[in-house]
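> Got a sequence here, can you build the structure:
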Amino acid sequence: MAFSSTGLATIGASKKGNAPSMYSYSTTDAIADVNTAGYFNSIHDTLAVGDIIFCRTSTGGTQVLTIVYVLTISAAGVVDVNDGTTLANTDSD
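A predicted model of the protein is given here:
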């Protein structure tokens, strides 16, 4: 699928540009799609290198939470995020 702005929410925006902005994003796309270069191109003018995105994605119907950050934004507006760190889905009780 493709990025949908309805799944994006701002958690905190950097006021002075010294700290990264943080966003949450929810989609039924798999994280392998979300962390592919170009997925966030439509919001390249909103994002900055170093911004953090908490992604709630889906793999086979199971929710997955992965934290990614913006690695690069090219002059042409191509946004590339890192592969991300997926939080363990452990419940030992």
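> which element is the residue sitting nearest the centre point of the chain on?
Nearest to the mean C-alpha position of the chain, by C-alpha atoms, centre = their mean, lies Ile53 at 3.8 Å. Assigned by DSSP states H and E, Ile53 belongs to strand 52-59.
> so Val81 bridges to which residues?
Residues in a beta bridge with Val81, per DSSP bridges, are Val70.
> so how far is Ala48 from it?
Distance of Val81 to Ala48, given as C-beta to C-beta, to the nearest Å: 12 Å. Quick note: C-beta positions are derived from backbone N, CA and C, even for glycine.
> overlap in contacts of these two?
Val70 (C-beta atoms under 8 Å, 6 or more residues apart in numbering).
> And those two? Which one has more around it.
More neighbours surround Val81 than the other of Val81 and Ala48, with 22 against 13 (other C-beta atoms under 10 Å).
> Burial check on the closest residue to Leu71 other than its chain neighbours, number of neighbours?
Leaving aside its sequence neighbours, Leu71 sits nearest to Asp80 (C-beta to C-beta, 6 or more residues apart in numbering; 4.9 Å). Using other C-beta under 10 Å, Asp80 has 17 neighbouring residues.
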